[in-house]
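# Give me the fold of what follows.
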Amino acid sequence: MDYKISIKTGSVSNAGTDADVTIKIYGSLFNTQDLTLNEHKNKNVFEKDNIDAFLIESQNIGEIEKIEIWHNNKWLGADWFLESVTIENITDNKSYFFQVKKWIEGNKKYEFTPIENVKYEIEIAIGTLSGSGSNSNLYISIIGSKSHTYFFNVKPYLPNKEFITGHSYVFETHNEDVGQINEIKLKSDSEGFNSNLFINRIKIKKTSEDEPRIFPIFRWLKPNNEYSFSPNNVEYSFKISTGNVSAGGTDANVSMILYGTNGNSDEIKLNDYIAKNAFEAGRYDYFKISLRDLGEINKIKIWHDEQFLGDGWYLNKIEIKNEKSSLKLEFPFYSWLDKSENPQSINVELTTLPLIPRPFYAIAHMVNTPAYVEEALDMGSNAIEFDITPSLEKDDNFSFTVFHGFRPDFDPDKVNLMERSLAKTDLAIFLNKLREFEKQYPKFSLCIFDCKLGGVPKSKLNQCGMQLAEVIEKSFCKNDPNNRVNCIMSVGKKNYTAFFDGFFETLPKEFRRYFGADLSEESFQITEKTFEKRNEGNFWWGSGIASQAPKALRNYVPQFLIAAKKRTIRGIIKKIYYWTLDDPDSMEKMLVTKLDGIIVNNPLKLLRVLEKEEFKHTYKLAERNDNPFIVI
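Numbering: from 1, shown residues only. Now for the predicted structure:
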């Protein structure tokens, strides 16, 4: 009959031997003669970490009852650390396993009896992250319902005695039958050139069973540490979306804690699971983590260390899938984790609740004739801005024209701003037509009256405001205070506030809730201080520069970040807006500041930007029932 003898030499220092090794097998029917095992195709047998196999022919031994093994102490340092012996009866397909785990000294016989054993098929999947592989030793102990195996070294079973990044390894080994497999323990050493090892998962199957036990690992194993893993652990898949906005990525170290119905995880350091160039603007990062079953995850606490200036991170959302239950959850954020926006904003909590989008005004610029108004509303604008130019007539009363005055054409899409700037309409005619549009376009929700007061004497500002209110009441309000478009009376400087006195004193009370005030050429601080002394309460602030180029915009983004914080904290200014943008990149830069409106020459550009993933969850076009005079 044919027998295969597998000798596994241990992994301890100086475990191997060059001595001649002899074995004798005792069976129920027959005992073999002394068998010297040094005759082998591989001359370097019994080396540290090696498994050496020998084929012998013998008459039927019967059931193997014990073995004796020894060596002749040949050569200096011949002591040998023997880990195990496996003998397989190839003819009957039966195996016997002898657990040794001890030093074999020279010229001394050692006797071992077989223990109940099974053949284990083990599959180890190495991670795909750079540097996941290693040539260090990896030891596994299998823990079951009846007993556990000693730690045994996996490395001798590998083809090249190393773990290669992205590779999977399958091998068979005989060992003690531990019963139902409930747990594994892993440890590694620092013997290799790369001592850290990242394992995705390990599968272990007894050859007598149909299905393997699967152990999700998904972590780095650091040398000289012992790790325990359960097949009851859950494999969680993560997909993290970084916003496609300017400077949206980060090099900071990101961490999170998951909270579920069954408890919470420990701190998870995400940079350990993602390639070096993680969290780049406009990119998705994918990784998996093995955790105990947290139940349904209902909250994520996430933060980063913002080690360096400019390490703010624009996080769109985190998607999590429980691979065991196939439950998918989405945690939206669509905002900055950035100290410059808010010192607390680098540490936030996410839930699966949908975000409440900020009502937003896509304001068409300088629509000074009914035809331009109609064009803007047809494009999808929900707000318009037009220019009011007062003229003091000979009878000492004001007339009002919708008119801007000449300005050059800087728009890259060749919107003819020169023609638009020279367009002129009598205010009463314009307002009557505006009233028709108000009924025709239900999404039309805001007008900005840009009042050009530079030619109005200071002593006449109050009168100018009064007479403008009278025209608006007669030609636009028309005694109908229901479901009206909201209006902002915008002036440039704080020196013009007497205009507001006359306007709001004259406007009928039932319409005042639809009207607010704005200083568009003062700083936020001056505007806030000016309006703090007034009683109306419906205050806006706008700032910007006509046809602003993206490069020059960098000075305005910090101003609006500060203004947005003060708007939220102090509540004097209810809304903030920027004028006037032409290019989508600039629009995106301003939208991340959480402002409330942007004046644009071409509304279609802004509407397309608002449909981007980074903004469609956090902004919605404001409707008439969205109060423009409350802070959100």
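# Show the low-confidence segments of the chain, by residue range.
Applying pLDDT under 70 to the chain flags residues 39-43, 309-310, 339-346, 407-416, 546-555.
# Break it into its domains for me.
Following automatic domain parsing, one finds the domains of the chain at 2-115, 118-229, 234-354, 359-621.
# For those, give me JSON lines that also has distance to residue 632.
All C-beta atoms are positioned from the backbone trio N, CA, C, and that covers glycine. Listed next are these as JSON lines, based on distance: least, Cβ to Cβ, whole Å:
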{"stretch": "domain 2-115", "distance to residue 632": "64"}
{"stretch": "domain 118-229", "distance to residue 632": "40"}
{"stretch": "domain 234-354", "distance to residue 632": "14"}
{"stretch": "domain 359-621", "distance to residue 632": "7"}
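# Need those in TSV (columns: mean neighbour count).
Shown next, in TSV, are the domains of the chain (neighbours: other Cβ atoms under 10 Å):
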stretch	mean neighbour count
domain 2-115	16
domain 118-229	17
domain 234-354	17
domain 359-621	19
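# hey, what's the most centrally placed residue in the chain bridged with?
For the chain, the residue sitting closest to the mean C-alpha position, by Cα atoms, centre = their mean, is residue 240 at 2.9 Å. Taking DSSP bridges as the rule, residue 240 bridges to residue 285, residue 318.
# you'd agree it is up against residue 315?
Yes: Residue 240 is within contact range of residue 315, at 7.4 Å (criterion: Cβ atoms under 8 Å).
# Mutual contacts of these two, please.
Residues within reach of residue 240 and of residue 315 at once, by Cβ atoms under 8 Å, 6 or more residues apart in numbering: there are none.
# Now do the residue nearest to the centre of the chain against residue 169, distance only.
30 Å (Cβ to Cβ, to the nearest Å).
# same thing with residue 437?
72 Å.
# Same question for residue 628.
Counting by Cβ to Cβ, the gap from residue 628 to residue 169 is 64 Å.
# I figured residue 373 hits residue 437, correct?
Yes: applying Cβ under 8 Å, one finds residue 373 in contact with residue 437, separated by 6.0 Å.
# For residue 505, grab phi and psi.
Phi and psi for residue 505, reported as degrees, to the nearest 10, are phi -70, psi -30.
# Just say helix, strand or coil for the closest residue in space to it that isn't next to it in sequence.
Among residues not flanking residue 505 along the chain, residue 466 sits closest, at 7.0 Å (Cβ to Cβ, 6 or more residues apart in numbering). Three-state call for residue 466 (DSSP: H, G, I helix; E, B strand; the rest coil): helix.
# swap in the one 5 residues further on?
Put simply, residue 471 is helix when judged by three-state DSSP.
# Next up, the contacts around it.
Applying Cβ under 8 Å, 6+ apart, one finds that residue 471 lies in contact with 400, 427, 428, 431.
# between these, which is closest to residue 112?
Residue 112 has its nearest neighbour among the contacts of residue 471 in residue 431, at 104.0 Å by Cβ to Cβ.
# Make sure the closest one is indeed in a helix.
Yes: secondary structure of residue 431 (three-state DSSP): part of a helix.
# Kind regards, and thank you for your time.
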